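Participant: Below: sequence and its predicted model.
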Amino acid sequence: MAGMALNSETSDTRKRASSLINDPKVRGIFYQVLTLALLVLFVWTVTQNTINNLQKANIASGFGFLQGRAGFDIGQSLIAYTSDSTYGRALLVGILNTLQVAVLGIITASIIGFIVGIARLSQNWLIAKLAQVYVEFFRNIPPLLVILFWYKGVIAVLPQARESLNLPFQSYLNNRGLFVPKPIFGDGVWAIAVAFLIGIVATVFVARWAKKRQRLTGKPFHTVWTGLALIIGLPILTFMALGAPITFDFPVAGRFNLTGGSVLGPEFISLYLALSFYTASFIAEIVRSGIKAVPKGQTEAANALGLRSNAITRLIILPQALRIIIPPLTSQYLNLTKNSSLAVACGFADIYAIGGTMLNQTGQAVEIVALFLVIYLSISITTAIFMNWFNAKMALVER
Amino acid sequence: MKKTILSAAIGAAALGLASAASAATLDDVKAKGVVTCGVSAGIPGFSNPDDKGEWTGIDVDYCRGIAAAVFGDPTKAKFVALSSKDRFPALQSGEVDVLTRNTTWTISRDTSLGFNFRTVNYYDGQGFIVKKSLNVKSALELSGAAVCVQTGTTTELNLADYFKSNNLQYNPVVFEKEADATTAYDSGRCDVYTTDQSGLYAIRLKMKNPDENMVLPEVISKEPLGPAVRQGDDKWFDIVSWVHYAMVNAEELGITSKNVDEMKTSGGPDVKRMLGSEEGSKIGTDLGLTNDWAYNIVKLVGNYGEVFDRTVGPNTPLKIERGLNALWTKGGLQYAPPIR
């Protein structure tokens, strides 16, 4: 009796066990846990090994060095920085410089890219061929060469400091950069900034109202002009009302060079131009393929409805093309940001160049490489998140 | 702690290889059959490939001296050209056995970077080079100038300190490679280029019009340049140090590559002791080498004076006087502990 019971119990457990092995859900969980455990083991081993090796090599580690005095100067900085500032602040200067060149580069590359991309589809043979030559030239040489091309070009072609080119508004151009008057803000400047913000918000509301009115009554409204008037006009009016609180610091000739004013150094200019022109060639192809991908029937149908060609492009072609353009465009924006790390070749103080200096002065290679990874990853992921949001907004909304 | 783990994880792959190399460098070197030295990518007089592609220079000869001491063959030296930025990770990771790359000995490099310095094969100091047309006579007149400089060097830090302590303004233009920095200076991007004075003389030769440039009289820093090795391998550290001391002692004792064979048999006791011809001497074997180690250095590479004269001295294009690098007996700083 007892033996029977035992027997049936074991066969029962065996059954249950075999059913557990065959259960795809259980198996799935098992493999996931196994993979996770192996991964954790791998990371743990690698970490321990590194810590041991660093200790064996008598290399100090940790991020405490970021609070130390940097001791080196940086040529281009958007925030106040001296050699007395900390390494952490030097890093911040680098991040801001990278962001500056990346954001301006992305804007310029998009503008050039869209123009060239549309030009490639032009009926005009010359324009289409010129656009093609541009694309083939810039996308087929490495970005580093493009940067050096601009940098050597900028230094070699522009005049020496003492023979600066005079430009309008008391600006000067020489091989030390572009010197422009620097605005000095007096009291009440915040009011102008507020006026500017009010202008933007008001424009958004006007646009919404205008859209609604058009949907209900069919009457169009000049949103663009009203918006421009609000965004530009309001701050100008505030500026006048306050009695022009902005004065300018003009560049003047010093012993070696022009002093005063704001300077855009040739390092920044060449990097910015190189990244813009290089990436624009890829964006142009993306734009062309996006427009080409919109079926011809769409244009014909719009023609049949009697829409003007301007309206067809704006309301029918572009919205559909954008859906195809945006995802690959995101990759190009990320590429531009990452390629900005080539700045070190032309002496621009981006995050990679400053980090490299820090690495050398402190010897904290592991920490600084980790910081590089985290910073570039954050910038790229933020860009990607924004572009995904934009993509979702532009995507086909099914009704 | 979390941060340490993260950073540690990232660097681990690279550093995983390091532990093997750091233990007993001499055994590694003997097993490989070659000494690997980190050198600069092209500073005439220090380490620079000549028109036949042969490395020449005072740092290169130091490395050949180590090869001669270890293998009795100066050609068993391999040179790895490193930028100023890459040199420390290369030594830390074991890519090179010793850094003979005009590197300034500082306390932070000696401690937190995990290196050891002892000998100084060239006493240098930082200076400035400017275009003669600017009509500048002293570095104190440089306020407002654009200064080209190489990144990751003590030069960059001395520059900041000097201008700050003298209340001068300047605009630094920083490059990773020396060649880029000097080209930028030569093409007029900067008014001034700064590096160690020895380097300035070398770079001046490479300019479009060397005669239009002048080195300013100020020397704003102490730059003792010498070899660095990883901490924790005293035996290797001793060998690298004594190679230099052997060269300096040889010059002091009047032993040259020409007369070394003769001196080996006819010299005084101190000469014989150094060259390993003394009866029952264990100096070489205690160092982990053979007893003719110093003989090999002098015979195959030369004494310190010979090396100096052939690489940077008054008869080379660099035309640098011995100055601080003369023997202590002649008013300089080159002084070696006795070999006994």
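Facilitator: Everything's here; your move.

Participant: Helix or strand: which one has whichever residue of chain A sits closest to chain B?
Facilitator: With C-beta to the nearest C-beta, the shortest gap between chain A and chain B falls at A:N360, namely 2.8 Å. Where you see a C-beta, it was placed from the backbone N, CA and C, and this is true even at glycine. For A:N360, the host element (DSSP states H and E) is helix A:351-362.

Participant: Who are the packing partners of the next helix or strand after that helix?
Facilitator: Per DSSP H and E, the first helix or strand lying C-terminal to helix A:351-362 is helix A:365-394. Using 3 or more C-beta pairs under 8 Å, 6 or more residues apart in numbering or on different chains; DSSP states H and E as the contact test, the elements touching helix A:365-394 are helix A:87-120, helix A:318-339, helix A:351-362, helix B:2-15, helix B:87-92.

Participant: let's go with 6 Å and repeat that
Facilitator: Where contact means 3 or more C-beta pairs under 6 Å, 6 or more residues apart in numbering or on different chains; DSSP states H and E, helix A:365-394 is packed against helix A:318-339, helix A:351-362, helix B:2-15.

Participant: buried stuff in that helix?
Facilitator: For helix A:365-394, burial by neighbour count (16 or more other C-beta atoms under 10 Å in any protein chain shown) applies to A:365-372, A:375-376, A:379-380, A:383, A:387, A:391.

Participant: And the furthest pair within those?
Facilitator: Spanning the widest gap among those are A:A365 and A:N391, at 38.0 Å by C-beta to C-beta.

Participant: Does the longest helix seen in chain B reach chain A?
Facilitator: In chain B, with assignment by DSSP state H, the single longest helix is helix B:234-252. No. Using C-beta under 6 Å from any C-beta of the partner chain, we find that helix B:234-252 stays clear of chain A, coming within 12.6 Å at best.

Participant: quick check, distance from whichever helix or strand comes after that helix to the centre of its chain.
Facilitator: Using DSSP H and E, the helix or strand that follows helix B:234-252 in sequence is helix B:260-266. What separates the centre of helix B:260-266 from the centre of its chain is 30 Å, taken as C-alpha atoms, centre = their mean, to the nearest Å.

Participant: for chain A, what spans make up the helices?
Facilitator: Under DSSP H, chain A gives helices at A:2-22, A:24-56, A:87-120, A:125-139, A:143-157, A:189-217, A:223-228, A:234-241, A:266-292, A:296-304, A:309-311, A:318-339, A:351-362, A:365-394.

Participant: could I get the ones you listed as JSON lines with mean pLDDT?
Facilitator: Output for the helices of chain A, formatted as JSON lines (pLDDT from 0 to 100):
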{"stretch": "helix A:2-22", "mean pLDDT": "60"}
{"stretch": "helix A:24-56", "mean pLDDT": "89"}
{"stretch": "helix A:87-120", "mean pLDDT": "93"}
{"stretch": "helix A:125-139", "mean pLDDT": "93"}
{"stretch": "helix A:143-157", "mean pLDDT": "83"}
{"stretch": "helix A:189-217", "mean pLDDT": "85"}
{"stretch": "helix A:223-228", "mean pLDDT": "81"}
{"stretch": "helix A:234-241", "mean pLDDT": "80"}
{"stretch": "helix A:266-292", "mean pLDDT": "92"}
{"stretch": "helix A:296-304", "mean pLDDT": "91"}
{"stretch": "helix A:309-311", "mean pLDDT": "83"}
{"stretch": "helix A:318-339", "mean pLDDT": "90"}
{"stretch": "helix A:351-362", "mean pLDDT": "87"}
{"stretch": "helix A:365-394", "mean pLDDT": "90"}
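
Participant: quick one: which of those helices is nearest B:A77?
Facilitator: Of all the helices of chain A, helix A:351-362 sits nearest to B:A77, with 25.2 Å by C-beta to C-beta.

Participant: Could you list the residues in contact with the closest one?
Facilitator: Helix A:351-362 has contacts (C-beta atoms under 6 Å, 6 or more residues apart in numbering or on different chains) with A:65, A:72, A:87, A:90, A:94-95, A:98, A:341, A:343-344, A:365, A:368, A:372, A:375, B:85, B:151-152.

Participant: what do you get for stretch B:89-109?
Facilitator: Stretch B:89-109 has contacts (C-beta under 6 Å, 6+ apart) with A:365, B:18, B:21, B:25, B:29, B:35-40, B:46, B:59, B:62-63, B:80, B:82, B:87, B:115, B:117, B:154, B:223-229, B:240.

Participant: Just confirm B:G188 is within a helix.
Facilitator: No. The assignment for B:G188, made by DSSP: H, G, I helix; E, B strand; the rest coil, is coil rather than a helix.

Participant: Surely A:G290 is in contact with A:I326?
Facilitator: No. Applying C-beta atoms under 6 Å as the test, A:G290 and A:I326 come out as separate, 8.6 Å apart.

Participant: that's a strand at B:T195, yeah?
Facilitator: Yes. Read with three-state DSSP, B:T195 is one of the residues of a strand.

Participant: where's the nearest residue to it once chain neighbours are set aside, which helix or strand?
Facilitator: Nearest in space to B:T195, with sequence neighbours left out and distances taken as C-beta to C-beta, 6 or more residues apart in numbering or on different chains, is B:T155 at 5.3 Å. Using DSSP H and E, B:T155 falls within helix B:154-165.

Participant: Run the angle between that helix and helix A:351-362 for me.
Facilitator: 90 degrees (axes from the mean of the first three to the mean of the last three C-alpha atoms, to 10 degrees).

Participant: Next, the residues that contact helix B:154-165 from outside, please.
Facilitator: Residues from elsewhere that reach helix B:154-165, judged by C-beta under 6 Å, 6+ apart: A:G71, A:F72, A:D73, A:S83, B:T104, B:Q126, B:V149, B:Y170, B:T194, B:T195, B:I220, B:S221.

Participant: show me the residues around the third one that make contact.
Facilitator: Contacts for A:D73 were tallied using C-beta under 6 Å, 6+ apart; they are A:S83, B:A160, B:P172.

Participant: can you pull the pLDDT of it?
Facilitator: Looking at A:D73, its pLDDT reads 86.

Participant: Could you list the domains of the chain?
Facilitator: With no chain named, the answer covers chain A. Domain segmentation of chain A under automatic domain parsing yields A:2-56, A:87-116+A:264-394.

Participant: actually it's chain B I care about, not the one you picked
Facilitator: B:25-123+B:224-322, B:128-221.

Participant: now the end-to-end length of the first one.
Facilitator: Here the two ends of domain B:25-123+B:224-322 are set 33 Å apart, with distance taken as C-alpha to C-alpha, to the nearest Å.

Participant: try the shortest one
Facilitator: The distance separating the two terminal residues of domain B:128-221, taken as C-alpha to C-alpha, comes to 11 Å.

Participant: how deep is residue 305 tucked in, by neighbour count?
Facilitator: All of this is about chain A. By the criterion of other C-beta atoms under 10 Å in any protein chain shown, A:L305 has 10 neighbours.

Participant: my bad, the chain I had in mind was chain B
Facilitator: 22.

Participant: So it sits against B:A250, correct?
Facilitator: No. Using C-beta under 6 Å, B:G305 is not in contact with B:A250, being 8.6 Å away.

Participant: State the distance from B:T265 to B:E278.
Facilitator: Note on B:T265: its distance to B:E278, by C-beta to C-beta, to the nearest Å, is 11 Å.

Participant: and if you look at A:T98?
Facilitator: A:T98 is 64 Å from B:E278, where distance means C-beta to C-beta.
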